[in-house]
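[1] Sharing a model that was predicted from the sequence below.
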Amino acid sequence: MKLCMIGTGYVGLVSGVCFSDLGNQVICVDKDDKKINDLQNGIIPIYEPGLDELVKKNINNKRLNFSNNLKDSIKKSDIIFICVGTPTKRGGNNADLSQIYGVAKELSKSINKYKIIITKSTVPVMTGDGIEKILLKFNSKNKFAVISNPEFLREGEAIRDFIYPDRIVVGSNDKKSARILKNLYLPLITKGAKYINTSRRAAELIKYASNAFLATKITFINELANLCEKININIDDISIGMGLDQRIGSRFLRAGPAYGGSCFPKDTKAITSTADKFATNLSVIKSVIKSNKNRSTLLLKRVYKILNNKVRKKKISFLGVTFKANTDDMRDSSSLTMIPTLSKKGAIISYFDPTGYKKEFKKIKNVNYVKSISKCLDKTDLVIIHTEWNDFKSLDFNRFIKNKKIKVFDMRNLYSPHKMINKKIKYYSVGRG
Ligand code: UDX
């Protein structure tokens with residue numbers, strides 16, 4: 001099939017490349033000329049394991065193309081995926097849909113034959129209705145179908161998640177487009193992927209509800225971790241004990257720093273704002289947002305306590321600063337709150353991240369990027385393990401750290417407290433007494 005992905009951000013690029021790998025002819029479009037130029041030369045703008053090989057392979061076999069010409073790309077394609085950003089509007093919780101509706105306006109003038117137009121970006125319920133209205137201004141109803149087909153890709157695992165999805169959700173209001181979409185996904189369905197067809201509005205809501213639920217699960221376990229710390233219980237035992245109940249499930253029950261990334265913070269806000277619009281109070285999700293916001297402050301208080309409330313001139317080493325491992329994404333990472341606050345309190349901070357230097361800390365006083373774990377840990381007062389990269393999972397701290405009074409605050413519970421005590425390391429973790 002001939003596909004066009006509008007927007008070469010995370011969603012558009014990964015999905016486009018994977019669709020081309022399944023044998024489709026794909027054009028990925030973006031108005032950023034430099035990005036398109038780079039992509040044509042196999043330079044990938046995001047860090048995603050395995051993506052560069054797949055891009056090169058499909059450029060070479062001529063199934064994957066990049067273009068900055070939206071109109072032309074639309075005309076050449078049968079199925080058009082809208083994959084542009086839907087960030088939170090400034091000063092509120094609503095999703096900013098200007099890019100989505102901007103694309104819809106462009107589309108409405110370029111429909112030369114029957115087209116299926118799909119929102120893959122996360123969009124509030126009834127955005128599909130809005131797109132349809134725009135398209136109807138210049139086109140008759142039988143010329144197009146608007147579908148919602150949300151993505152559930154996790155950064156760092158995106159290619160695997162595309163090929164082996166837990167489910168594929170397609171929200172369509174007519175049979176013809178639903179049939180074509182099922183055909184597009186057939187290679188994954190025949191390999192066992194579950195496929196569900198719902199109304200368009202339901203598919204839009206499934207995406208928000210899923211992300212909000214996962215954010216709730218994480219927040220739930222994070223709050224329980226706070227309780228465990230007070231009563232000397234290991235939160236990991238609670239996660240395992242709860243997770244074995246199949247109604248609950250073990251995933252997304254790892255206590256840690258505040259959740260971040262490009263989806264959970266934005267989507268939890270957007271779903272509550274949609275509900276408010278329809279006079280429905282999603283109070284659980286609202287309290288999740290509030291609790292997650294407080295989480296960084298709470299963990300910072302633990303840092304102060306670990307340092308006996310003497311933060312000034314203390315050397316603090318951050319291992320990992322992105323919102324989670326296997327990504328270079330800094331969006332809504334809790335390090336963006338923690339590092340500037342510690343700097344204001346007079347700490348001297350070094351950070352190492354496997355994905356390199358971060359411009360976000362450029363203007364923050366006494367914050368330095370170092371190129372290796374050993375440099376980061378040299379002569380430090382406190383090591384903070386902020387993300388769960390494999391690189392940080394079996395470090396010999398005694399070898400790295402010259403300071404004999406080693407303190408490690410492991411925010412991802414990567415190490416065993418007993419083993420660390422045996423090594424005479426003052427070890428602190430999350431929800432483990
Ligand atoms: C998420 C959804 O999982 C994905 O389906 C959606 O399409 C996009 O948003 P992503 O943002 O890549 O994916 O990250 P994810 O792996 O879900 O983690 C989100 C946040 O939750 C991270 O900050 C992570 O560290 C945190 N997390 C996750 C925990 O703290 N504990 C867990 O057990 C799981």
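    Structure's in. What do you need?

[2] to the chain's geometric centre, what's the distance from the one helix or strand residue 99 maps to?
    Assigned by DSSP states H and E, residue 99 belongs to helix 98-108. Centroid separation between helix 98-108 and its chain, computed with Cα atoms, centre = their mean, to the nearest Å, is 24 Å.

[3] So which bits of it are buried?
    Of the residues in helix 98-108, those with enough neighbours to count as buried (16 or more other Cβ atoms under 10 Å) are 99, 100, 101, 103, 104, 107, 108. For glycine as for every other residue, the C-beta is placed from the backbone atoms N, C-alpha and C.

[4] can those go into a markdown table with extra columns for pLDDT and distance to the ligand?
    What follows is the buried residues of helix 98-108, written out as a markdown table (pLDDT from 0 to 100; distance: Cβ to the nearest ligand atom, whole Å):
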| residue | pLDDT | distance to the ligand |
| --- | --- | --- |
| 99 | 95 | 18 |
| 100 | 96 | 17 |
| 101 | 96 | 22 |
| 103 | 95 | 20 |
| 104 | 96 | 22 |
| 107 | 94 | 24 |
| 108 | 94 | 28 |
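
[5] Which elements pack onto the helix holding residue 99?
    helix 70-76, strand 79-82, strand 115-119, helix 127-136 (3 or more Cβ pairs under 8 Å, 6 or more residues apart in numbering; DSSP states H and E).

[6] ok, the third one: who's next to it in the sheet?
    Using DSSP bridges, the neighbouring strands of strand 115-119 in the sheet come out as strand 79-82 (parallel), strand 144-148 (parallel).

[7] Check the secondary structure at the residue lying closest to residue 75 once chain neighbours are set aside for me.
    Spatial nearest neighbour of residue 75, chain neighbours left out: residue 112 (5.1 Å); criterion: Cβ to Cβ, 6 or more residues apart in numbering. At residue 112 the chain is in coil, as set by DSSP: H, G, I helix; E, B strand; the rest coil.

[8] what about residue 112, neighbour count?
    Per other Cβ atoms under 10 Å, the neighbour tally for residue 112 reads 10.

[9] next one: the one 4 residues further on
    Here the count is done by other Cβ under 10 Å, and residue 116 has 23 residues near it.

[10] Turn the strands paired with strand 115-119 into a markdown table, columns for mean neighbour count and mean pLDDT.
    Listed next are those as a markdown table, based on neighbours: other Cβ atoms under 10 Å; pLDDT from 0 to 100:
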| stretch | mean neighbour count | mean pLDDT |
| --- | --- | --- |
| strand 79-82 | 25 | 98 |
| strand 144-148 | 26 | 98 |
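
[11] could you point out which element follows the strand or helix carrying residue 188?
    Using DSSP H and E, the secondary-structure element containing residue 188 is helix 186-189. Helices and strands here follow DSSP H and E; after helix 186-189, the next one along the chain is strand 194-198.

[12] Partner strands of that next one, with direction?
    The strands that strand 194-198 pairs with in its sheet are strand 167-171 (parallel) (by DSSP bridges).

[13] which parts of the helix or strand immediately after the strand it pairs with in the chain are buried?
    Per DSSP H and E, strand 167-171 leads on to helix 175-184 as the next helix or strand towards the C-terminus. Along helix 175-184, these residues count as buried under the neighbour rule (16+ other Cβ under 10 Å): 177, 178, 180, 181, 184.

[14] got it, and stretch 290-310?
    For stretch 290-310, the neighbour count (16+ other Cβ under 10 Å) marks 291, 292, 295, 296, 299, 300, 303, 306, 307 as buried.

[15] For residue 25, give its distance to the ligand.
    When Cβ to the nearest ligand atom, to the nearest Å is the yardstick, residue 25 and the ligand sit 25 Å from each other.

[16] Bridged to that residue, which residues?
    For residue 25, the beta-bridge partners are residue 2 (DSSP bridges).

[17] Hmm, residue 103 is touching residue 82, no?
    Yes - taking Cβ atoms under 8 Å as the contact criterion, residue 103 and residue 82 are neighbours in contact, 5.4 Å apart.

[18] Common neighbours of those two, please.
    With Cβ atoms under 8 Å, 6 or more residues apart in numbering applied, the overlap between the contact sets of residue 103 and residue 82 consists of 6, 7.

[19] Please list all residues in contact with residue 135.
    104, 107, 108, 111, 117, 144, 146.

[20] ok, now with 10 Å
    Neighbour list for residue 135: 104-105, 107-109, 111, 115, 117, 141, 143-146 [criterion: Cβ atoms under 10 Å, 6 or more residues apart in numbering].

[21] do the same with residue 97
    Taking Cβ under 10 Å, 6+ apart as the criterion, residue 97 is in contact with 84-87, 89, 104, 121, 123-124, 127, 130-131, 270.

[22] For it, give its distance to the ligand.
    The value you get for residue 97 to the ligand, if Cβ to the nearest ligand atom is used, is 18 Å.

[23] re the thing from before, please tabulate the helices and strands packed on helix 98-108 in a markdown table and include distance to the ligand as additional columns.
    Putting those into a markdown table (distance: least, Cβ to the nearest ligand atom, whole Å) gives the following:
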| stretch | distance to the ligand |
| --- | --- |
| helix 70-76 | 25 |
| strand 79-82 | 15 |
| strand 115-119 | 13 |
| helix 127-136 | 16 |
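
[24] Perfect, I'm done here.
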